[in-house]
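Participant: Structure for the following, please:
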Amino acid sequence: MKLIVVLGNPGNEYTLTRHNAGFLFGDFYKASTPFSLKKKTSEWVLYNAHILNQQVLLLYPLTYMNLSGIAVKKVADLYKIQAENSLIIYDDFEFNLGTFKLKPKGSGGTHNGMKSVIQELGTNVMPRLRIGIGPIKEKNITNYVLSVFQDQELQHLNDFVFIKLKSLVNLWIEFGTQCAVSKQNIPF
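Facilitator: Here you go, the predicted structure:
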């Protein structure tokens, strides 16, 4: 079983913000894959699908970004999913819009949602896929990440970036982290 975790903030006021790039990709992926609702609580929404002969869960934590790890830990424990089989997808203002990077492990860096996941799971050995939302255009990082994407930026994400990310995520599902990492820079 594989767990894909998309990070973002719940609520209409955050829907199209840069910090919700993870949720936006989750929506794109869910719309193009046969997911069905598995469980909804006050802390998370979980979808289920069979993709490439694997059972895949898609998790949207509803605990707000800085507490994302709470929902991730509860779902991982409930379904007995190891950290190595959990892919965390989130925004990164240090990468330009349209770029992304898959890594097998690492720190949370400047991202409080990823820091929360690492803290709650007690390990940093889980693959993570960072979606570029930069370059940052102002000194106040909070204001920038909570700013709304411009229409042409959203169009670029949906028409180009998310299509490539879907292929990369499917590589991860079928062949694992190392294969997906080695092929992330090859055109799909």
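
Participant: which parts of stretch 94-111 are buried?
Facilitator: Buried residues in stretch 94-111, defined by neighbour count with 16 or more other CB atoms under 10 Å: 94, 95, 97, 100, 102, 108, 111. Every C-beta, even on glycine, is put in place using the N, C-alpha and C of the backbone.

Participant: in the protein, what residue sits furthest out from the centroid?
Facilitator: Relative to the mean C-alpha coordinate of the chain, counting by CA atoms, centre = their mean, the farthest residue is residue 139 (25.0 Å).

Participant: Give me the three-state assignment for residue 27.
Facilitator: In three-state terms, and counting by DSSP: H, G, I helix; E, B strand; the rest coil, residue 27 is helix.

Participant: neighbours of residue 64, just the number please.
Facilitator: For residue 64, the neighbour count with other CB atoms under 10 Å is 17.

Participant: residues contacting the residue nearest the centre of the chain?
Facilitator: Centroid-nearest residue in the chain, with CA atoms, centre = their mean: residue 89, separated by 1.8 Å. Residues in contact with residue 89, defined by CB atoms under 8 Å, 6 or more residues apart in numbering, are 4, 5, 6, 7, 22, 25, 26, 128, 129, 131, 165, 169.

Participant: what's the answer for residue 28, then?
Facilitator: By CB under 8 Å, 6+ apart, the contact set of residue 28 is 158, 162, 166.

Participant: Show me which of these are buried.
Facilitator: Buried, going by 16+ other CB under 10 Å: 162, 166, out of the contacts of residue 28.

Participant: pLDDT averaged over the lengthiest helix in the chain - what is it?
Facilitator: Longest helix in the chain, counting residues (DSSP state H): helix 162-175. Throughout helix 162-175, pLDDT has a mean value of 96.

Participant: Give me the below-cutoff pLDDT ranges for the protein.
Facilitator: Scanning the chain for pLDDT under 70 picks out 186-188.

Participant: ranges for the helices of it?
Facilitator: Under DSSP H, the chain gives helices at 21-31, 68-78, 112-121, 141-145, 151-156, 162-175, 177-183.

Participant: want to throw those helices into CSV with distance to residue 11?
Facilitator: Shown next, in CSV, are these (distance: least, CB to CB, whole Å):
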stretch, distance to residue 11
helix 21-31, 11
helix 68-78, 14
helix 112-121, 15
helix 141-145, 15
helix 151-156, 18
helix 162-175, 22
helix 177-183, 31
